[in-house]
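Asks: kindly return the folded structure for what I paste below:
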Amino acid sequence: MMRRGGSSGGKCVLCQTFTRLAKWLRETTRKVGRFILSRVSAPGKKGAPRLAALQRTRRESGGTGASIRAYTLHLAADKTTVFARTIDHFISCTKESKEVRPQVVMRNMRQFMTGMKNYLVTHGEREFERHVEKERNKLKANEFLNLDAILEGVMHKLVVRPLREHLYRLFVDEYTESGAIQLLADNIRYARTKTPKDIGIRPSVIPPNEEAMEEICSYLQKLQEVDSPLEKLENLLTSIASIFNYVKVSNNPKTGMLLGADDFLPLFVWVLVQSGMVGAEIEADYMWGLLHPSLLSGEGGYYLTTLSSAVHVLKNFR
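Replies: You can find the predicted model right below:
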């Protein structure tokens, strides 16, 4: 798949090229990475409030909101309800549509999920309102019911999961036709032949070792396997937290080194190269298109920008 091997320009030309590349990487990081990292003091330890709420509602099978989730899924399974028929109709129409642009399909999915949540909250159906009131009565004085977060997780199961394969097919078709997938794959292969310094990592920053990379790559692999855009984002944040933790411990065991804005983006580019994540651009766009907009203004948005920025750097690496 490699189209370029050795160059006849000589070592001097290569050195000049990599010097310019390293300079460009640092300039890119100052513009993008500083924006991302300057606002986040403890990566991975605490997400944005809405992200934390969504994580709780997804993980707690018997806690707050369990009755609402179960009844909403029951409504979707009962094909005599307006809720179920509307969802089934949307999924069928989306699959049968001649629309081939994944961005448009995701926009429609996002709008539909928001609309169906509003339908349940505003109008309810059958016993929905009773289950909501039942959950509210269980709350303590200092607790509140995040109904929107609960329903968001349910919508991922009912809408995103059935359309995931269709959406990925559209992404692959579009990015294959444009050459984006091949470009990223070729440049990842090319970047693997380079040293961390060539990619823009300062000598004082020690990249993750093989053991740490196995852990980081396991989260990136999970990111690509799950359906929910929220679960994808969670795995992205966890992989980034693992990078920060490794660098903090390995580079200065006594005081712990904190990565600055000028250092993290090249390091994350290096991680993507080592992981061979050729679908990184698709995964980033998938999350951008399907996550609730409120998630994109906090920690999740900062690190999703990191992923997109790393993809941009790799696509322009040569």
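Asks: what comes up buried for stretch 292-301?
Replies: Across stretch 292-301, burial judged by 16 or more other CB atoms under 10 Å covers 292, 294-296, 298-301. Where C-beta positions appear, they are placed from N, C-alpha and C, glycine not excepted.
Asks: domains for this structure, by residue range?
Replies: 18-50+179-315, 57-171 (automatic domain parsing).
Asks: and N316, backbone torsions?
Replies: Main-chain torsions, N316, degrees, to the nearest 10: phi -110, psi 20.
Asks: how long is stretch 189-206 end to end?
Replies: 21 Å (CA to CA, to the nearest Å).
Asks: revised request: answer the last question for stretch 76-87.
Replies: Termini of stretch 76-87 sit 8 Å apart (CA to CA).
Asks: buried sites along it?
Replies: 76, 81, 83-84, 87.
Asks: one more: stretch 127-136?
Replies: For stretch 127-136, the neighbour count (16+ other CB under 10 Å) marks 128, 131-132, 135 as buried.
Asks: now render the residues you listed as TSV, adding distance to I216.
Replies: Listed next are the buried residues of stretch 127-136 as TSV, based on distance: CB to CB, whole Å:
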residue	distance to I216
F128	42
H131	40
V132	40
E135	38
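Asks: just curious, which of these is nearest to K197?
Replies: E135 (55.3 Å; CB to CB).
Asks: before we move on, the earlier item: by pLDDT, rank the buried residues of stretch 127-136 and give me the bottom one.
Replies: Lowest pLDDT of these: E135, 77.
Asks: I'd guessed that residue sits against A70; true?
Replies: No. Taking contacts as CB atoms under 8 Å, E135 lies outside contact range of A70: 10.8 Å.
Asks: now pLDDT and secondary structure too, for the buried residues of stretch 76-87, in a markdown table please.
Replies: Formatted as a markdown table, the buried residues of stretch 76-87 follow (pLDDT from 0 to 100; DSSP: H, G, I helix; E, B strand; the rest coil):
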| residue | pLDDT | secondary structure |
| --- | --- | --- |
| A76 | 95 | helix |
| T81 | 94 | coil |
| F83 | 94 | helix |
| A84 | 94 | helix |
| I87 | 96 | helix |
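Asks: those residues: which two are farthest apart?
Replies: Taking CB to CB, the two most distant members of the buried residues of stretch 76-87 are T81 and I87; they sit 9.5 Å apart.
Asks: who's in contact with whichever strand or helix holds C217?
Replies: In this structure, C217 sits in helix 210-225 according to DSSP states H and E. For helix 210-225, contacts defined as CB atoms under 8 Å, 6 or more residues apart in numbering pick out 208, 231-232, 235-236, 238-239, 242-243, 246, 250, 271, 274-275, 277, 279, 283.
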